[in-house]
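**Student:** Generate coordinates for the sequence data below:
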Amino acid sequence: MIEDEALPTIEAAIRFKSKPRTMTDCLGETFDYVTVPNTLKKSHLNLPALRKARKLGAYANSDFIASIMLGKACSIATRYYHSKGEDYIYRLDRLPETVTVDASGFLASVSIAVIDSLRA
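**Tutor:** Alright, predicted model coming up:
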């Protein structure tokens, strides 16, 4: 009998650039953050890795994949309400495990890893 082994995983990354900004909340705490864009394009996605993904592979060539990945990016972000609506932000001092931010330049490079198991 074959033992069940954990399937290898790939990282289907979302990459975009955002301007790092500073905010002071109602408690007087100041922090830096980057904003998740309102729309993603296929150029923001790692499509070859998505095509191999078990759950997302069927959607990799469709027009829905950008919206699906935007939903995944927003699901781990913090919702921020302001006078013009709402934004999803990543606080640079409280980043989720799957988000990396390189804020060394004028625009911060944000990379979000979405873990999905490979096809068997």
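**Student:** quick one, strands of the protein?
**Tutor:** 9-18, 21-24, 30-35, 78-82, 85-91, 99-102, 108-117 (DSSP state E).
**Student:** Those strands: which one's closest to residue 43?
**Tutor:** strand 9-18 (9.0 Å; Cβ to Cβ). Every C-beta, even on glycine, is put in place using the N, C-alpha and C of the backbone.
**Student:** Pull the residues that contact the closest one.
**Tutor:** Identification of contacts with strand 9-18 by Cβ atoms under 8 Å, 6 or more residues apart in numbering yields 34-37, 40, 44-46, 49-50, 52-53, 56, 69, 72-73, 107-118.
**Student:** got it, and stretch 103-111?
**Tutor:** With contact meaning Cβ under 8 Å, 6+ apart, stretch 103-111 is reached by 13-20, 32, 34, 90, 92, 99-102.
**Student:** now, the most widely separated pair of those?
**Tutor:** Largest pairwise distance in the contacts of stretch 103-111, by Cβ to Cβ, is 22.0 Å, between 13 and 32.
**Student:** what's around residue 93, how many residues?
**Tutor:** The local packing of residue 93 (other Cβ atoms under 10 Å) involves 8 other residues.
**Student:** Am I right that it is in contact with residue 34?
**Tutor:** No - using Cβ atoms under 8 Å as the test, residue 93 is too far from residue 34 to be in contact (11.8 Å).
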